[in-house]
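# Quick one: sequence plus predicted model below, questions after.
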Amino acid sequence: MDQLIYFSLIFLTSCIGFYFSGELILKNLIHIAKALGWKEFVVSFLVISIVGSLPNLFVGVTSALYGTPELSFGDVIGGNVVDLTLSVALAALFSSKGIPAKSRTIQNTIIFTFLAITLPVLLALDGLVSRVDGVILISVYLFYIIWLFSNKERFSKTCEESNLEKRKLALSFPSFLKIGLAVIIFVLASIGVVDSANYFAKDLGVPLIMIGLFILGIGNCVPEIYFAISCARKGNDWMILGDLIGALIVPATLVIGTVALICPINLSGSMISLEVARVFLVISVGLFVWFARNDQVVSKKEAMILLSVYILFITVEIFANKIAY
């Protein structure tokens, strides 16, 4: 019982560490991005989404080094289902007119998002995400980044430039020092998460895939949900899809690819919860792409459909696991 309390506190503390260190990195990176004159879509996709994916990356690398990469795979799959349904739905519901998706860049990116998210599922059909698969996934991510930056006209709006003093402050040594400190917290927090997850799996009999799907998958989506709702309420609808799309693409390609390079992900003995998550992932991304491309906006009505899919996903997962056990 003492160990259960100890590892539960470690897990909770690590999650809190992810949140505060993520806020610290985000604040300083946005200042630096503005000082460098980066574009708005670049800030929302590249900066915010990557910062939001850092917990996935650090947990993934740590779990791979511990020889339990399936924890990371479950985290990414579960997190993507949450982002495609709950995150998008809540953002659209809090937005005055839904989430706009009219720009050509977003429309092209949505197609790429569908391919990027379904690719890990396809590569894992044989029960293994190998190192070769990892190279493929990382290559897909790099291809998208190169395409994204290949045409400056894709970023028509620039962030509001800071004055000279703010530029100096953003690029000063303390800003980078704070980012370095936050990264250290990320490393320590990821070790805490993986250690506690391994305890829950071994001593409590909770499969790592389930921990990844439900606990980590949902927990790591909190930054995207918070950011999407905040942008919707403030009328910054243009940033919502940039963040969410990045939060989908980065874990599905860069994170899983990196984990597979370190330690191939063996899913041959995976349980029913992962199979259910795979099905709902394909359904969710299919609906998301359809809604975003059909009338180039995710409306409140479509948000309710996505929210219903999320509720159905949780219900089916619980029911399926009761039957399995």
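Yep, it's here. Numbers count the residues shown, from 1 in each chain.

# correct me, but residue 120 touches residue 256?
Yes - assessed by C-beta atoms under 8 Å, residue 120 is found in contact with residue 256 at 5.1 Å. (Each C-beta comes from the backbone N, C-alpha and C, glycine too.)

# Quickly list what's touching both of the two.
Residues touching both residue 120 and residue 256 (C-beta atoms under 8 Å, 6 or more residues apart in numbering) are 73, 76, 129, 137.

# would JSON lines of the residues you listed with distance to residue 179 be doable?
Formatted as JSON lines, the shared contacts of residue 120 and residue 256 follow (distance: C-beta to C-beta, whole Å):
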{"residue": "73", "distance to residue 179": "28"}
{"residue": "76", "distance to residue 179": "24"}
{"residue": "129", "distance to residue 179": "30"}
{"residue": "137", "distance to residue 179": "26"}
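
# now these in CSV, with secondary structure, pLDDT and neighbour count?
As requested, those are exported to CSV (DSSP: H, G, I helix; E, B strand; the rest coil; pLDDT from 0 to 100; neighbours: other C-beta atoms under 10 Å):
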residue, secondary structure, pLDDT, neighbour count
73, helix, 89, 28
76, helix, 89, 29
129, strand, 93, 27
137, helix, 96, 25
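
# Which member of those is positioned nearest residue 312?
Among the shared contacts of residue 120 and residue 256, residue 76 lies closest to residue 312 (C-beta to C-beta), at 20.5 Å.

# OK, contacts around that closest one?
Residue 76 touches 56, 60, 120, 212, 217, 251-252, 255-256, counting by C-beta under 8 Å, 6+ apart.

# Look at the closest residue to it other than its chain neighbours and report its pLDDT.
Nearest residue to residue 76, sequence neighbours excluded (C-beta to C-beta, 6 or more residues apart in numbering): residue 251, at 4.3 Å. What the model reports as pLDDT for residue 251 is 90.

# So, low pLDDT: which residues of the stretch 51-200 of the chain?
When residues are selected by pLDDT under 70, those of the stretch 51-200 of the chain lie in 51-52, 151-173.

# just the strands in it please.
99-100, 128-129 (DSSP state E, counting those that start in this stretch).

# Nearest to residue 245, out of these?
That would be strand 99-100 among the strands of the stretch 51-200 of the chain, by C-beta to C-beta, at 11.0 Å.
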